Structure formats: structure tokens, C-alpha cells
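Visitor: predicted structure and sequence below. I'll ask about it afterward.
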Amino acid sequence: MLRYSAVRLAQIVVVLFIYTTIVWLMFYAMPGSVTNKFIGNPKIKPEAIQKMKQLFGLDLPWYKRYLMDMRNIYTGHLGISFDYYPRTVWSIITERLPRTVTLFLTIVLIEYAIGFYLGKLIAWLRGGALDYLATVSGIVLWTMFLPVWALFLIWLFAYLAGWFPLGQFVTPLRWLGAPHDANFVFIRMLATAFGGSFAFAAGWVTLRRFLHDRRVRRIAVAGLGLVVIAAALVLWARSGIGQYAIDIVWHMILPFITLVTIGFAGAMLVMRDSMLDTISEDYITTARAKGLPEKVIRDHHAARTALLPLSTGFVLAIAFSLDGAVITETIFSWPGIGLTLLHAVSTQDVPLAVGAYTVLGLIALLAHYVADILYAVLDPRISYHRGGA
Amino acid sequence: MKRLVLLGLILGLIAGVGLFGAAANTGSKVYNIGLLDDITTTNMIAGLGPDSSTYNFTIYYWNQTLYTITDKTFEYVPQLADGMPSDMPPKLSDQKQPDGKPLYETTVHLKQGIYWSDGNEFTADDVVFSYNLIEKYADVFGGNWSGEIYPKLFYKIQKIDDFTVKFYLTSDSINFKWGTLMMTILPKAQWEPIVAKAEQGKTPGKDILAAQIDHPVSIGPFTFDQWQKGAFAVNDANPTYYDQGSNEAIFKNGAVHLTNPGTGNAKAISYDNTYYGTASGDKILDMTTGPFVDKVIYHVYTDQATAVLALSKGDIDFIENPNGLTQGFADQLKSANGVSLVENPPNGWRYLAFNLRKSPGSYLAYRQAVAYLIDRDFICNNLLQGRAVPEYSVIPPANSFWYDPNVPKLGQGMDEGARMQKAIDLLKAAGFTWKQEPIVQNGKLVTQGKGLIDPKGTPVPSQTLLCPSTAYDPMRATFGIWISRWMNELGIPVNLNLTGFNTIQGFVFGSGAPTYDMYILGWGLGNPAFPDFMDAFFGSENDYPAGFNTPGFKNEDFDNAIQGMMASWDQTVEQQYAYKAQDILAEQVPYVILFYSPLTEAYRSDRVSMPYTQVLDGLQGVFGEQPSVKLISAQ
């Protein structure tokens, strides 16, 4: 496994370099430049525009620009943005990333949770009304054109009903005079989510190890969950910024509903198909023959095995969600990484575009790597040793 | 049961969040403006330089200039200056440049009793500091700064006393009036330490651009309050704004009467000045300056559909959109209660450009023939359903002072047959021939032309017409399609290339002299008060890449007219030269001006009252009239 990991990591480095070069070449080949925005002003002479090109290094030969940009990317700050000169690309990405991670990580988690639950249920009850209803509605929603669906939900729930905001991620009137910026709150929300998840996972593993009675363990785990949630709520209530977090959560609800309703079907159908394969296995028949309850067979025997393909997709979905879904961010005025990329491409802010794509590419490559390792960890039949299965 | 309980908990949580999330009323008088993109920085030097953005200008109500232009009529008036410069045009100075070339000078007096928002008094030190700083780093700051300071014109500035400065210039060019004297003045107290620190480093210009300005000092009607990046920004009313309570009255006879009783606030100053005639008779505008709101909140909506819904719902009062509303959104807002739509002409137009550096574009008859072929009325009124308005002159008709109502309008009112016949006659008179000559009979083209041959006997090669694609701009694409069709019917081989905007810009504004045949693009014309863009676009000395004269137009009569306009400091004389210049352009047609798209905008007339709504370039051109808008109901 160690040898395999080392080889994969080396491959990642090579692939990342090739990928970055291809992305750079694509942007280099685009006509025009970031200085095009000044061409519309007759007072700014071509001479002045030429000087700006020199400032940005756009007058250099292509190979010098390539070496300069690659050096900037691989020495950490990813280069200096043209549009936000002279801010570094890294500072812009770290400013936007928490917004994207908070929203889209939540969406992916819930999408897959719903997909997993529904998928195992409808596979178990295959051929029934629930199977039919869930599959048809899932496919209908899956094929919905996202901008139309999003605008419809905004019109219905935000404009007509007034239950949710029309867009943005904060309510300006509530944030007037706020002591911190939104990123401060986003980062703490993420920290709470990760910290709470880690605490719960650690507690669950411990309880599993020491409590053997299933019923007692279930109660203990539920209690642990309540304690973790209560602790988080108390921390936030005492933090002085709780109301800002609630405001952000309120703004997340509508994009969350929009994307989850469209996206859950993918996970659901993968889980359903995987479950159908699994429940035809002999060991499921054996479990039934042993008299185990149907729920236990479904959840502890079949679903656990059927989860494997879904877990791979889950890891990759998390990685790809970080590109922010440009359409969602645009419609809901949620300026995260997706909109940053769109803006960078439209204005030909090459360092920002190439730097952002490099970060996303790296995340995608690492996600593939994690998925491969995870598969081997989850399924003992899989081995990356030479001569293994 | 468990699932029902869980579902109930989730719905309860959402409801709880929703109830809490609904915003409270602050009780303040708030003007809400929707922006379609975020501002880029609160560092004004960067924000007017490389980080320039339309939305920066919308929020930068912290700065002022020595001179500015009036509302609606764009007359040149003092702002921070007290009266006009002592010598207009600047007079020959006793001092000379090191190489013996002459210098010109003029003195500007400053208004007294004006204070920055940090409590420091506005003095000549701020003016001298600003000009010296921008002049020193103009190459690095770039952006709009180079069009304000004019580095080749500005020589130096001298402080005479606390409220008097003297400018020294390399020539008496009128760019001094319309550029240099309209440069943003920066607060010395805030910027001097930043500059001093930056100059200790290796890249001072870059470090100045990178400076974090959390609280920009203001001399304007608003001070900066807050910026939640990606979401919103807030300006507060400036309680020490010197010009609060001032009145701007513009008369039909051209006179401008600016007054301030000095009672707007504790720091308001008093003055009573009249320019350009006697303040009597009918008024075009009578407006008092506030601000009359406590705050302006700039909401960032990255999607126009959402911004329109926000306006319709009442979350915002106005959308700052340089392109105006599309027809669909305008129709949607027509039925919205409390929303008023306004339509204004933009300060710009769309055009077809020739390349006069090579045949056939070098032949006047060819260009005029093409100009006659283009039936603007048909395209604008029939095909585009009135969403475009035909235009013939480089000066928009709405810019009434500079627009010559008698400008030649080639082809206006002619039917298709007459146009085609006129084009044929022009080409034949110039010596053009065809392999197959087009024939017009009874007002109809009965035989299409083929194979146009220029007067030298060279077949005209296929002409590529670069045009924005339908996805980018369906109006220009429609014009491109019909122009190429008519030209092909005339026998001019044209290949229409509907392509990306950036592709056209890259081709036309690339390095070296342009090699295109024809293209269709558009221009925003900048300062409506003085049409110096004619020099930028068509002056011989501005032949691209030296300037923006992409067609390579070189006409002595035009150069004389435009130089006369640029050299004269008498508006009546300038006007006559401007008339002549635009008439020459309409006849010589280096550009065929095609159309403009009226700017349709909307605002909540049940909440806000604008002092005026009809103005060249629309409400977006005056950024929603923030210093003068009044709220009808408190929010």
C-alpha cells in the first residue's frame, strides 16, 4: 500500500504539471487581454494600455511568461491577479473558498445522505410504489434545467412567499456594523462542522468499542449526537456572532433546496443499483436463513457493501463541488470560486484563472487518490500489492 | 414515527432560521442600489487604475475634483476650485523647460473652509500632493489616471499659498481643461504616510496600489462605512460635506447659477456664482444637493434576473447597469407596482469601420456607396422592433450643444432601389467596374452585381466583415448580416465573420497597423461635455497604434477643424469646429455610424424621488443620483 501511495503521489505531481501547462496554453491562446476593458475609454491612449501590458508582463515572449507564471504557481502564491492588482491569486482564492466550501460541501453531504437512504430503501422495496415514485421523481428532477429550476424556486419562495432571501449570502441590514467580515463567520462554521463531526466520530468509535449491547449503544450514540449539537449551539450562542451564522444559514436554504432536489437522484440511483447487485448475493440469503431481521440485513449486511461505489462517487463529488457550480453561484449571487473563475476567464485575468484551475485540479487529483485508498480500506478484497486482486 | 419527528424537527429548524433571518428595519433613511458585480477595492488609486470597474465609480463618492460638469447639460464649472482658472487658455510662462521649449501657466484658487472627513482642512497641499503623486507614478497606476493627468501635458504644479496653486504645462492644449483639471484630488494626510512607506521599498508604485485602505477619507457627500466582500458595501452620509444644501440652477439661456447658503451643516460653506450668462428666464434644472439619505447600501447581485426581482419586490430601489435592461426585464417591470421605467439615449453608438490603408476602403466612393446601402430604418424599426435607433452622426443627437442637426445623413429616407442605384452611380463615377454590373429597374435590383473591380483594374478581394456574434449582441449581428447581404448584392464580395468580441478587439487593437477589412463594434464616448473623442478616433496623429484611429483616416480639413476645436477655449468657436468636424466625418465615412440602443432603466418611484430622469447616458451615467435623491418613504 505504501509503495502504491508513493507511486500515485508521484503521478499526481506529473499530471498536475501537464494539466497546468495545458490550462496555461489555453488561456494564452485566447484573443485579447485583460487591458481590453480600457479600450472602451478614448482618453486612455494605446500607449498607456501598452504600459499596462508591460506592468502585467503581457509584452514578454510566451516562453518567458510561461516560466514566470509556472514559478509563481509552484512557489505558493499562485501569481498576482491582473484584475485585482496587485493582490495575489492565493489571497483571492482563500477569500472565496470558505463561501463555496460551506455551501457546496453541505449540499453534497445531504445529497449523498438522502441518496444513500432512499437508494437502499427503494432497492429493498423494489417494484413497489415507493420505488416507482422515487425513481420517476428523481429522474424528472435530475433532468431539470438548473437555471429554470433555481429561478422558479426563487420566484416562488423568495419573491412570492417571501420566506427566503432572493440571493446573496448575507442580509445587508443585519450585517451593518458587524464586527467581523463574513469569511470570519464562514470559517468558524466550517470549523464547528469539522470539529463536531470529528468529536462525534471519535465518540462513536469509542462507544462501539466499549458498549456491546446494541440498544444501549444506539441510545448512547444518540445522546452523544445531542451533546455535540448542544455544545456547538452553546458555543455559538456565547460567541457574539451567532446571529450572523444564522443569517448565512438562512441564505443557504434556497440554493440548498435547489441543488439537493436536482442532485439526490444521482446518488439514489447508484445506491439502488449497487444494492440490487448486493442483495442477490449468497450471504444475504444466508443472513435471511439465519433469521436476522430484514432491517438488520438491509442496513448492516447489504447496504454496507453496496455503499462502496457510492463512497467513491462521494469523494469525487466533494472535490468537484469546490469548483462552485458557476450557474448556482451566479443565480444566487453567491460569489465563490465558481464566479471567481467565470470572472477571471471573462476578463482574461490569466494568473487568477490559471491559479484557481490549478488549485481545483490539485484537489481533484487528490480526491481521486483518496478515493482509491478509501476503496482499499473499505473493501478488504481489494489490494494494491503486486499480484493482489 | 421517528422519521416524522425528524422531518418535523428539520422543518421547524428551517422556519426558526427563517423567522430570525428576516431583516429588521434600521429606522434610517436608506437608498438601496443593486450592483451586478462587486467593487474591486476601496483603495481609490487602484480602483481608478488597474482595478478599475464601473461599480467602483458608483461607490466612490468620497472624492472630488477641482472642476466638474453640471448635471444634464454638462457645463464646465468649479467644484473644489473657487472660480475659473486665471488664464483660460493658459498663458505663456516666463519659465521654460530645460531644453528651452516654452511652458504655459495658469493659476487656480481653491474654495476655503472645506474639510475632509478626518477633520483636516482641504488646502493647496492636497492638490499639489495629488498631482505630483499621480504624475510620478502614472505609468504604474495606469488605468483612468493616464487619461486624467496627461503626463505629456502636465509639467509641474506649484503652491502659491494655502489656497492657490499654479499649473505649468507644456502646451495650452484643451486637454488641460477637460482632463488635468478634472483629476481626482486625494487627501494628503491619509496618503502621504502610505506613499512614504512605499517609497522605502523596491516597488513603490505597486506597494501604493496594494495599500489596504479600510477607511478612505472623504471630501464628498458620502463616507465609506463598510464592505462585505461579495455581498454589499455601505456609504454613510458625510455630516461635514461642504456642499450640502447647495443649489444648481441651469437656465435655458445657458446660464448656470450655483449657490450655497452655508446652512447645510456646520461645515457647509457659502457662495453664489453665475457662469455663462445671466441667471434669468426658464430653467432646465433646479436641484438641491443633499445627501438626503443617511445611507446608501450597494447590494451585489451577480444575476440580472435576481436583481430585477429584488427591484420588483422592493429590496432595492435602483439597479446600476451600464447596459440597461433587456426588453424582457423591462416588460416584466412594467407590471410591477411602484416601479417606473425610464428610457434615455446612451452616450455611445455602434459603428462599421473601414480600413483606409488599403483598397477598396481607401476609396471614398466605396465607403459612401456602402453607407448608402445601409437601410438603418428598416433594420432598427422593422427587424429590431424599435429596440435600436438609427444614428448618422458621431455626436449623439441627445448631446444637443455639440450635435449638428444639419449633419449629412447618407441614405436616409431612400428606398432600397434608390440606395442601390446611388451606390452604383458613386462607384461608376469613381471608376469602379464589375464583371457583372448590378442593374436596378423600377426601383428594384433585377441583376445582382458580381466581381467588383477597383479603378486600378484590380478585382476587389473578398472583404471580411468582423462582427460580434448573435450570442454577444444580436443587434450588431443583425446589422452585420444585412450589410454583408446588401454589399454582396452590389457585387462586393463580403465574408461575414460572426465571432467573439475579444477576437475582434484582439484583431483590431493588436500590435502594429491594423490589417482588417471591416468590422462592427461600439464606443462609449466618455465626457459628453467636450467631444475630444473625435480627435482620438479620427485625428491623423492618432493613427493606430499611436491612438485609436483604427481606420487610418487622414484628412487635412478634418485635422484643421479638430485642432481648431481643441485649441479654442471659446465654446461658441468650439461648437462651430465640432459641427464642421462631424460633417466631414459623415461625408468621408471612415466609420458608418449605425445605431444606438436606448438605455431602459427602472427605479422604485414609490420610494425614491430623482431630481431628473431624462439625461444623456441615463440614470446609470449619474450612478442613481445619490447626492440628490430623496426618499419618499423611510425604510
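Guide: Received, thanks.
Visitor: hey, let's count contacts and neighbours off CA atoms from now on
Guide: OK.
Visitor: and residue B:225, what helix or strand is that in?
Guide: Applying DSSP states H and E as the criterion places residue B:225 in strand B:222-228.
Visitor: shouldn't residue A:142 be in contact with residue A:266?
Guide: Yes. If you go by Cα atoms under 8 Å, residue A:142 and residue A:266 touch, sitting 7.3 Å apart.
Visitor: please enumerate the shared neighbours of the two.
Guide: When Cα atoms under 8 Å, 6 or more residues apart in numbering or on different chains defines a contact, no residue borders residue A:142 and residue A:266 alike.
Visitor: returning to that earlier point: the strand holding residue B:225 and chain A in contact?
Guide: Yes. Among the residues of strand B:222-228, B:226, B:228 lie within reach of chain A under Cα under 8 Å from any Cα of the partner chain.
Visitor: and that strand, average pLDDT?
Guide: For strand B:222-228, the mean pLDDT works out to 96.
Visitor: now the strands for the stretch 351-500 of chain B?
Guide: Applying DSSP state E, counting those that start in this stretch to the stretch 351-500 of chain B gives strands spanning B:389-390, B:433-436, B:439-441, B:444-447, B:450-453, B:463-468, B:494-499.
Visitor: and among these, the most buried is which?
Guide: Mean neighbour count (mean count of other Cα atoms under 10 Å in any protein chain shown) peaks for strand B:463-468 among the strands of the stretch 351-500 of chain B, with a mean of 23.
Visitor: excluding chain neighbours, what is closest to the residue of chain A found nearest chain B?
Guide: Across chain A, no residue is closer to chain B than residue A:32, which sits at 4.4 Å (Cα to the nearest Cα). Among residues not flanking residue A:32 along the chain, residue B:506 sits closest, at 4.4 Å (Cα to Cα, 6 or more residues apart in numbering or on different chains).
Visitor: tell me which element that neighbour falls in.
Guide: Per DSSP H and E: helix B:501-508 holds residue B:506.
Visitor: name the nearest residue to residue A:321, ignoring sequence neighbours.
Guide: Setting aside the residues directly before and after it, residue A:321 is nearest to residue A:104 in space (Cα to Cα, 6+ apart), at 5.9 Å.
Visitor: strand partners (parallel or antiparallel) of the helix or strand that contains residue B:284?
Guide: Taking DSSP H and E as the definition, residue B:284 sits inside strand B:283-288. The pairing partners recorded for strand B:283-288 under DSSP bridges are strand B:247-251 (antiparallel).
Visitor: now do the same for residue B:277: its pLDDT.
Guide: The model's pLDDT for residue B:277 equals 92.
Visitor: hmm, I was thinking of residue B:634
Guide: Note on residue B:634: pLDDT of 54.
Visitor: the residue lying closest to residue B:237 once chain neighbours are set aside - how many residues pack around it?
Guide: Spatially, and ignoring its direct neighbours in sequence, residue B:237 is nearest to residue B:222 (4.5 Å; Cα to Cα, 6+ apart). Applying other Cα atoms under 10 Å in any protein chain shown, we find 30 residues neighbouring residue B:222.
Visitor: the closest residue to residue B:137 other than its chain neighbours: which element?
Guide: Closest residue in space to residue B:137, ignoring its immediate chain neighbours: residue B:205 at 6.1 Å, by Cα to Cα, 6+ apart. Taking DSSP H and E as the criterion, residue B:205 maps to helix B:204-210.
Visitor: that older thread, so the residue nearest to residue B:237 sits right up against residue B:64, yeah?
Guide: No. With contacts counted by Cα under 8 Å, residue B:222 stays clear of residue B:64, the gap being 11.1 Å.
Visitor: quick one: contacts for the closest residue to chain A within chain B?
Guide: Of all residues in chain B, the one sitting closest to chain A is residue B:506 (4.4 Å; Cα to the nearest Cα). Neighbouring residues of residue B:506 by Cα under 8 Å, 6+ apart: A:31, A:32, A:33.
Visitor: which SS state does the last one fall under?
Guide: Put plainly, it is residue A:33. Under the three-state scheme (DSSP: H, G, I helix; E, B strand; the rest coil), residue A:33 adopts coil.
Visitor: nearest the geometric middle of the chain, what residue?
Guide: The chain I'm using is chain A. Geometric centre of chain A, nearest residue: residue A:321, 3.2 Å, by Cα atoms, centre = their mean.
Visitor: could you do chain B instead?
Guide: Closest residue to the average C-alpha location of chain B: residue B:526 at 3.6 Å, with Cα atoms, centre = their mean.
Visitor: what residue, apart from its backbone neighbours, is nearest that residue spatially?
Guide: Spatial nearest neighbour of residue B:526, chain neighbours left out: residue A:41 (6.4 Å); criterion: Cα to Cα, 6+ apart.
Visitor: wait, doesn't the one you found sit right on residue B:524?
Guide: Yes. Using Cα under 8 Å as the test, residue A:41 is close enough to residue B:524 to be in contact (6.9 Å).
Visitor: before we move on, the earlier item: neighbouring strands of the helix or strand just after the helix holding residue B:506 in the sheet, and parallel or not?
Guide: Toward the C-terminus, helix B:501-508 is succeeded by strand B:518-524 as the next helix or strand (DSSP H and E). Take DSSP bridges as the rule and strand B:518-524 pairs in its sheet with strand B:348-354 (antiparallel), strand B:463-468 (parallel).
Visitor: what is the mean pLDDT for strand B:518-524?
Guide: Across strand B:518-524, pLDDT averages out at 94.
Visitor: ditto for stretch A:318-334
Guide: Stretch A:318-334 carries an average pLDDT of 83.
Visitor: ok, stretch B:364-381 next?
Guide: 97.
Visitor: for residue A:145, grab the count of nearby residues.
Guide: 10.
Visitor: picking up where we left off before, so which of the strands of the stretch 351-500 of chain B gets nearest residue B:151?
Guide: For residue B:151, the closest of those is strand B:463-468, at 34.6 Å, according to Cα to Cα.
Visitor: which residues does that closest one contact?
Guide: Contacts for strand B:463-468 (Cα under 8 Å, 6+ apart): B:476-477, B:480, B:484, B:492-501, B:504, B:516-521.
Visitor: same deal with stretch A:83-101?
Guide: Residues contacting stretch A:83-101 (Cα under 8 Å, 6+ apart): A:34, A:76-81, A:183, A:186-187, A:190, A:322-324, A:334-338, A:340, A:344, A:347, A:349, A:351-352, A:355-356, B:40-41, B:46, B:50-52, B:206, B:209-210.
Visitor: run the last query once more with 6 Å
Guide: A:77, A:78, A:79, A:80, A:81, A:186, A:324, A:336, A:337, A:352, B:51, B:210 (Cα atoms under 6 Å, 6 or more residues apart in numbering or on different chains).
Visitor: what are the phi and psi values for the first one?
Guide: Main-chain torsions, residue A:77, degrees, to the nearest 10: phi -90, psi 0.
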